[in-house]
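> sequence and computational prediction follow.
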Amino acid sequence: MTIEIAAKPQDAHTPSDLLARVARIATQVARVHAEDVDRKARFPTEAIEALKSEGMLGALVPSSLGGPGVPFAQVAAMCEVLGQACSATAMVFAMHQIQVACLVRHGMESPALRDYMRELVERQWLIASVTSEVGVGGEMRTSVTSVVREGERFTLEKDATTISYGAQADDLLVTARSAPDAAASDQVLVLLRKGDFTLERKGEWDTLGMRGTCSPPFKVTSRGDARQILPVPFAEIASHTMVPVSHVVWASLWLGIAAGAVSRARAFVRQQARSRPGSVPPTAVRLAELSSLLQSMRSSVHDVAVEADRLMGSGDADALSSISFALRMNNLKVSASQQVVDIVHRALLICGIQGYKNDSPFSLGRPLRDAHSAALMVGNDRILATNASMLLVLKDD
Ligand SMILES: Cc1cc2nc3c(=O)[nH]c(=O)nc-3n(C[C@H](O)[C@H](O)[C@H](O)COP(=O)(O)OP(=O)(O)OC[C@H]3O[C@@H](n4cnc5c(N)ncnc54)[C@H](O)[C@@H]3O)c2cc1C
């Protein structure tokens, strides 16, 4: 599916033009199918195909490999606009971009991975993430399974608790111990190519929210070329890229969900005002309060996105490995995941029964259900426990 975009030829590839294209897909495609995606817990095929047809799955790939090299903060802005329309589309897009960021930032020295990124731009491969595993829950920095190398080849099996869009993805990025005798935290990140792996579905994905991410448990069985193992320890990939990028793109799409809910509340209050000309509806005060909460969420998400973009662009390994950077990224995740629920809930209180009904134009059931996934996607208590340990050793700035 191709979306008609009224772009000027001279700015066809500027980041702001690409953002405008994503915004158009959000309103013309993702929003149109969002209710059906949620109701049927089905993959948001239309929106992801539209994003592919505009080349957005390769947005982060640098121009040296044929991509548009969109700044990371701009990709976060894309997640925000998609989040306003369809949380599932935004989450699929965000999770894919996290995988691409890991490849772009840690795979450039590998000719095989550079070839893969060129192909990704051309073919718009969709990449899913396999960090979760039976036996370790959401502890991303621990693996039970390991890569088994045999000369130039490897084999890898993993029992994953959750793989979003596993059945729809072309390729996978999987964490595993670097060898059968390696410690649980001595991990690598491995690219599995379509045709090199099979997925055995081990359960269902019938959830409260984020239903269209289609994230059931799978057993992954794979083999591949050892050059598909990223040449950097996963510890570094996680702290320098995967965690900060995840927290920023997730927070951005949660901001989108919150903004979408506030705009429904605003439309509701305006409708009330129109029905009683000359009077200010009592809900207008609640809307004013909500608007200030949204503004503070927006400021904090945008500030951290720009800061993360700057630090990741600087290549300052010490800063990226620092406790203060890790705390800042974790704090963003915890606070944004709480703010989104609070904001959508307050929007529901403004809209009243019209927000509670599923068949009303002011319905807030879907965003409220989707928002509740935010605190679980890596449990907030798990993150706070990590922060607590870091705070004990943090020296004052
Ligand atoms: C919408 C969605 C999509 C997802 N997609 C993927 C995907 O594509 N790929 C993937 O690999 N995973 C995915 N996940 C899984 C996710 O990354 C986590 O692994 C999973 O949500 C954590 O599962 P859990 O709550 O059972 O486990 P745990 O993290 O073990 O948490 C269980 C409970 O224990 C608490 N807890 C855990 N550790 C501590 C601690 N140290 N201190 C205090 N409390 C603690 C938690 O807060 C929680 O209450 C997805 C999850 C969601 C919600």
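Yes, it's here.
> what's across from residue 137 in the sheet?
Note on residue 137: beta-bridge partners by DSSP bridges are residue 133.
> mind listing the strands for the stretch 151-300 of the chain?
153-160, 171-177, 187-192, 197-201, 218-225 (DSSP state E, counting those that start in this stretch).
> now these in a markdown table, with mean neighbour count?
Just so you know, the C-beta spots here come from the backbone N, C-alpha and C atoms, and that holds for glycine as well. Formatted as a markdown table, the strands of the stretch 151-300 of the chain follow (neighbours: other C-beta atoms under 10 Å):
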| stretch | mean neighbour count |
| --- | --- |
| strand 153-160 | 20 |
| strand 171-177 | 24 |
| strand 187-192 | 25 |
| strand 197-201 | 15 |
| strand 218-225 | 18 |
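> to residue 333, which of those strands lies closest?
strand 171-177 (18.6 Å; C-beta to C-beta).
> now the strands of the stretch 151-300 of the chain in JSON lines, with mean pLDDT and distance to residue 300?
Converted to JSON lines, the strands of the stretch 151-300 of the chain look like this (pLDDT from 0 to 100; distance: least, C-beta to C-beta, whole Å):
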{"stretch": "strand 153-160", "mean pLDDT": "98", "distance to residue 300": "32"}
{"stretch": "strand 171-177", "mean pLDDT": "98", "distance to residue 300": "28"}
{"stretch": "strand 187-192", "mean pLDDT": "98", "distance to residue 300": "29"}
{"stretch": "strand 197-201", "mean pLDDT": "98", "distance to residue 300": "37"}
{"stretch": "strand 218-225", "mean pLDDT": "98", "distance to residue 300": "35"}
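> looking at these, which is closest to the ligand?
With C-beta to the nearest ligand atom as the measure, strand 153-160 is the member of the strands of the stretch 151-300 of the chain nearest the ligand (5.7 Å).
> how about the residue of the stretch 201-350 of the chain found nearest the ligand, nearest residue that isn't a chain neighbour?
Closest approach between the stretch 201-350 of the chain and the ligand, counting by C-beta to the nearest ligand atom: residue 210, at 3.8 Å. Nearest non-adjacent residue to residue 210, counting by C-beta to C-beta, 6 or more residues apart in numbering: residue 373, 4.5 Å away.
> so how far is the ligand from the one you found?
4 Å (C-beta to the nearest ligand atom, to the nearest Å).
> enumerate every residue touching that residue.
By C-beta atoms under 8 Å, 6 or more residues apart in numbering, the contact set of residue 373 is 207, 208, 209, 210.
> from those, which is closest to residue 101?
Nearest to residue 101 among the contacts of residue 373, counting by C-beta to C-beta, is residue 210 at 20.8 Å.
> how deep is that closest one tucked in, by neighbour count?
Neighbour count for residue 210, taken as other C-beta atoms under 10 Å: 25.
> and what of the one 4 residues further on?
A total of 22 residues lie near residue 214 under the criterion other C-beta under 10 Å.
> please report the distance of it from residue 252.
Taking C-beta to C-beta, to the nearest Å as the measure, residue 214 falls 21 Å from residue 252.
> residue 174 too?
Note on residue 174: its distance to residue 252, by C-beta to C-beta, is 25 Å.
> pLDDT on stretch 293-309, on average?
Throughout stretch 293-309, pLDDT has a mean value of 97.
> what's the answer for stretch 252-269, then?
Mean predicted confidence for stretch 252-269 is 98.
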